[in-house]
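Structure for the following, please:
(2 chains)
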Amino acid sequence: MTVFQQLGRGVGLCLWAVIAQAAHASEPILLTVSVDGEDTGFTRSALEALGTAEIETTTIWTDGVQHFSGVPLRALAEMFDVGDSGFRAYAINDYVIDIPLEDARDGGALLALDRDGEPMSLRDMGPIWLIYPYDSDRDFQTEVIYARSVWQLIRLEVMD
Amino acid sequence: MRRPRGLGASRLLPRLAVLGREQMSYLAAVLTLFAFAVLIWVLSADARREIDALATANSDSIQWTLAQAEVEHLTLWNAVQSATPGDAASLQELRVRFDVFYSRVATLQGAPAFREMRALPEVTEALDHVNRFLADTIPLVDGRDAELGAALDELEPAVADLRHDLRLVSLGGVRVFTADSDRQRQRVANALGDLAYLTVALVVGLFAMVLALMRLLAMRRRQTEEIRQTQSRLSAVVTSSIDAVLVLDRDGRIAEMNDSAETLFGYSRAEALGQQVADLIVPPNLRMPGTEGWRQIPLDRDDFVDQGLVQFQAVDKAGRVFPVEFSVSSAESEDGRIYVTFLRDISDRVAAREELIQARDTALAGEKAKSDMLAVMSHEVRTPLNGILGSLQLLADSDLDPRQRRFVEVMERSGRMLLDQVNTVLDISRTDAGSTVLTQQVFSIDRVLADVADSLRVQADARGNTIRIRAEPALGFAVGDAVRLQQVLVNLVANAVKFTKDGTITLDARRKDGGGAVAFAVRDTGIGIPKREHERIFDDFVTLDSSYGREVEGTGLGLGIARRIARTMGGDIAVQSRPGHGATFTATIWLPQADRSEDEASASAEGSAVPHQIGLDVLLVEDNETNRLVAREMLTALGCHVTEAADGQVGVEMAAQRPFDLILMDISMPHLDGVQATALIRSHAGPNADTPIVALTAHAQPDDIERFHAAGMADVLVKPLSLARLAALLSNDEAAEPIALYGGDPLHEVLASLMAALGPDGTRDTMNNGLREVEDGLADLALHHGSAGGAGALAHKLAGTAAVLGLRGVHNALLDIEAAANRGEVGALSQQVAVARNALVTDRSRAEAALWGVLEAAGHNPLS
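Numbers count the residues shown, from 1 in each chain, chains lettered A, B, ... in the order given. The predicted model follows:
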């Protein structure tokens, strides 16, 4: 990235953070995205503002077809101009796993916020469960993908 | 040398759709491999399924989850222990840890992967315990800090308690999941193992196929080698064959030829190959005109292809035409039908055969010429001899003194012997030339035996020999040639007499078992015949020298003739003898027994005795002069008074004039025939209205007899007349039959009757005159230019004469001429006369022979 681009990004983010904070000062931050030591907090509204998508699938941890809606990982990847190294995901119980950039594509990982129309509480694997459309492709039915299906996601770190 | 038809036969093998053994094993191998492939596919699908199962996980790391559950429990426990009431941050931390633990347990509870584990009883119980805790604790956690803080002391041991439960769950999980893992591993291993075995089997199968193929290849190579050798052998055969070998293609062009063909036909291979075979080797004059190719050959291909050896003609380059023998076989080649021909020049063979045939013909001609010459010579010799003998006879009848008489007797005897020899030679040549015709008539064997004995008694007495006849039981009547039989027996007995002195000659006759053959054994007590001579004596011109010196005379032909005659009569002569012990000659002759009722010969054989006199006044109505003569003589011999009428009309008139005792009426007369005449006589109430009228006819069918009886005739006499029957008729002897059908040979009977009635001279003269009359008459007929009626009348007259003399052949021929003439057909006259003349030749010789025999048998000189 050029200096100008970096500068631009930084300004944009600051602005956005201010606005977001101003708009949603009372909402809790669900997800923190960290880039080169800089953290950006996202509330639910902030995340939803990035655009939502839905996935209908069964999972190995649940019974029956689940209806998830949330923010595609791709939106975050684009926003933060994430490189091939992807993210490092942290769960609330100190579970850490790397998510490569290729998972952040159309038809790929989703930061699920709602399950069956209801927001997921911590007890329900929420507030953010990084899920994949398992039923759509056998390639999503591997242990590696299951290991990346982080629930109780709290933080994404952009890797370089 | 026959050529095999093999080449041609190959196309006869049926083209069956039968798979050879080779093809069958191919099929089996392919099917087996296919089965293997299917099995492999099935098993690999199985293995793939198993491997797929591995590829897609149905759970995330089970172990991690189970371990993490315990970790999160411990974290919770820690959080509980660290929490203090009033410390909001620690309480918040406790809430978070509770939720995390809660969600983990939810996973254990809900995830399908843990179903098997959950089924374990201890796990069920443990999870229940944990869930109960969670349910109980939720209100506290969801409540306010104050309540939560207050419950901390109770909470902590409860949480601690869970540790054990979680352990149980973990251990249960471990048990279940390790077993699962193993099972899965085993399944995969099995699937892979099966797959491996099959693959090995497939590979082995492939190896086997490769081996089989190699063996097949070796066999093929061997076969090819064999074929090559066979080919080279065949090629050698063809090349070296002495016969010319040509191979023709389907158009008839020469495709191949061997060296012998080159030599035989004179064309080199270069000249001949590709040419039409017909152009080269079929003689130009034999080629079918206006054709080409195969069609030039004037033989139907089906007639000579695969039909074995055929003879034809061929021409070589030089134009020489020669006979060939060839055979053609057809075969299939890849270019179509080919024809393989073997040819050989058979001019030598043909020439040799011609020579042989000629030599044979020459030899036969020579034989015939010899025979003819003998016959002619004998004939020439006979004539002067007969003159001599005749004169001697006359001399003997004149006044002679005893000395002269002795000379005459010697001369007569010598002359007679000479005549005998000549006749014997004549007989041989006739027999050899095959002109012996045996007559078949009924005769008395006993009579013949008696005659034979009688005829040789004088000679026997002269040598002090006695002739005895032994025929018990009596042989009776038989059918055969009496004259020939007598000839044979006379021969044997005369020989026996010649070779015996002061001895006994026994003539023994016996019918053999089965009935057809009669064995005549002539046994003598003479000097006997050594064994080595037994066959030789039958040879011509062989006489045995005897110890009596020249007492034994003869040309040596007698036994030869006797045997020939015996063989002609269906038998043979055998000899048994030892020197000093006499000899037995046995003649076996085929003489079937005769039915007495057929016997007329007995009547005629007794003809030498004149029957008793029957003096009747007889009217004889007969148009044929000779017939009239014979009948008149017979009647006169019987003491009758004969009045003759030369035709029917005269007969009727005479019958009207005065009464007769008997009227003999000939049937076939011109103008008024016998039936009509009889009717007239009967209808006129004249002096002979009731006189018995007897029909004289040459043939009498039952219809005719009906007719005769209807006309008023009392009886039928069949011509030629027999003295005995005539006598029987005249004496009204009913036992003597009016013979309706006449099947035998009239000649002997005629002669016998004539002999009895007219004596030997009269018989001879009558016969000769009759023969001459017929001969002259036929000559006239041949030149006849007059009316058909005239021809018919002449033929009628001649037929009558022929009938009365027993000349049946001529008689029948003349009847044909008469019948044709009566119909007005004289166109074929000359042909018919020719037929009649031929018949006369035959009849004449038979008549002469019979006359001879009869005269001889009666002991008279058979002067010609």
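
For residue 62, the count of nearby residues, please.
Since you didn't name a chain, this refers to chain A. A total of 16 residues lie near residue A:62 under the criterion other C-beta atoms under 10 Å in any protein chain shown. The C-beta positions use only the backbone N, C-alpha and C, and glycine is treated the same way.

try again with chain B
Other residues lying near residue B:62 total 22 when counted by other C-beta under 10 Å.

In the stretch 351-500 of chain B, which residue sits closest to chain A?
Proximity of the stretch 351-500 of chain B to chain A (C-beta to the nearest C-beta) peaks at residue B:353, 103.4 Å away.

tell me which element that residue is part of?
Using DSSP states H and E, residue B:353 maps to helix B:347-397.

Over to residue A:69?
Assessed by DSSP H and E, residue A:69 sits inside strand A:66-72.

Quick check: buried residues in that strand?
A:66, A:68-72 (16 or more other C-beta atoms under 10 Å in any protein chain shown).

immediately after that strand, which helix or strand?
Next helix or strand after strand A:66-72 toward the C-terminus (DSSP H and E): helix A:73-79.

Look up how far residue A:39 lies from the residue nearest the centre of chain A.
Residue closest to the average C-alpha location in chain A (C-alpha atoms, centre = their mean): residue A:111, at 4.0 Å. Per C-beta to C-beta, to the nearest Å, residue A:111 is found 17 Å from residue A:39.

For the closest residue to residue B:163 other than its chain neighbours, which residues are in contact?
What sits nearest to residue B:163 in space, not counting adjacent residues and going by C-beta to C-beta, 6 or more residues apart in numbering or on different chains, is residue B:73, at 6.4 Å. Contacts for residue B:73 (C-beta atoms under 8 Å, 6 or more residues apart in numbering or on different chains) come out as B:101, B:159, B:162-163, B:166.

Restricted to buried residues, select those residues in PyMOL.
Applying 16+ other C-beta under 10 Å to these leaves a buried subset, and the PyMOL line that selects it is:
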select buried, chain B and resi 101+159+162+166
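
Let me have the contacts of residue B:73 in JSON lines, extended by pLDDT and secondary structure.
Listed next are the contacts of residue B:73 as JSON lines, based on pLDDT from 0 to 100; DSSP: H, G, I helix; E, B strand; the rest coil:
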{"residue": "B:101", "pLDDT": "93", "secondary structure": "helix"}
{"residue": "B:159", "pLDDT": "89", "secondary structure": "helix"}
{"residue": "B:162", "pLDDT": "90", "secondary structure": "helix"}
{"residue": "B:163", "pLDDT": "90", "secondary structure": "helix"}
{"residue": "B:166", "pLDDT": "90", "secondary structure": "helix"}
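
So which of the contacts of residue B:73 is the closest to residue A:53?
residue B:101 (30.5 Å; C-beta to C-beta).

Name all residues that make contact with residue 47.
Went with chain A since none was named. A:30-31, A:70-71, A:111, A:113, A:128 are the contacts of residue A:47 under C-beta under 8 Å, 6+ apart.

hmm, I had chain B in mind actually
Residue B:47 neighbours (C-beta under 8 Å, 6+ apart): B:188, B:191-192, B:194-195.

Neighbour-wise, which one of those leads?
Comparing those by number of neighbours (other C-beta under 10 Å), residue B:191 comes first, having 19 neighbours.

Give me the nearest residue to residue 126, chain neighbours excluded.
Just going to use chain A. Leaving aside its sequence neighbours, residue A:126 sits nearest to residue A:120 (C-beta to C-beta, 6+ apart; 2.5 Å).

nope, chain B
For residue B:126, the closest residue by C-beta to C-beta, 6+ apart turns out to be residue B:165, at 3.8 Å.

which ones are touching residue B:615?
Residues counted as contacts of residue B:615 (C-beta under 8 Å, 6+ apart) are B:639-641.

right, and the secondary structure at it would be what?
Under DSSP: H, G, I helix; E, B strand; the rest coil, the three-state class of residue B:615 is coil.

how far away is it from residue B:662?
11 Å.

circling back: which among the buried residues of strand A:66-72 gets closest to residue B:716?
Proximity of the buried residues of strand A:66-72 to residue B:716 (C-beta to C-beta) peaks at residue A:66, which lies at 146.8 Å.

Isn't the closest one up against residue A:110?
No: in this structure, residue A:66 is not within contact of residue A:110 by C-beta atoms under 8 Å, at 11.6 Å.

Enumerate the positions of the longest strand along chain B that are buried.
For chain B, the strand reaching the highest residue count under DSSP state E is reported as strand B:321-333. By neighbour count on 16+ other C-beta under 10 Å, the buried set for strand B:321-333 is B:323-331.

Show the pLDDT at residue B:642.
Per-residue pLDDT puts residue B:642 at 89.

For chain A, which residues are neighbours of chain B?
A:60-63, A:92-93, A:95, A:121-125, A:138, A:141-143, A:146-147, A:149, A:151-152 (C-beta under 8 Å from any C-beta of the partner chain).

quick one on the thing from earlier: which of the contacts of residue B:615 ranks first by neighbour count?
Greatest neighbour count in these, by other C-beta under 10 Å, goes to residue B:640: 22 neighbours.

From what I see, that residue and residue B:730 are in contact.
Yes: Residue B:640 is in contact with residue B:730 according to C-beta under 8 Å; the separation is 7.2 Å.

And for stretch B:137-155, what's in contact with it?
With C-beta under 8 Å, 6+ apart as the test, stretch B:137-155 has contacts from B:80, B:83-86, B:88, B:91, B:94-95, B:98-99, B:102, B:158.
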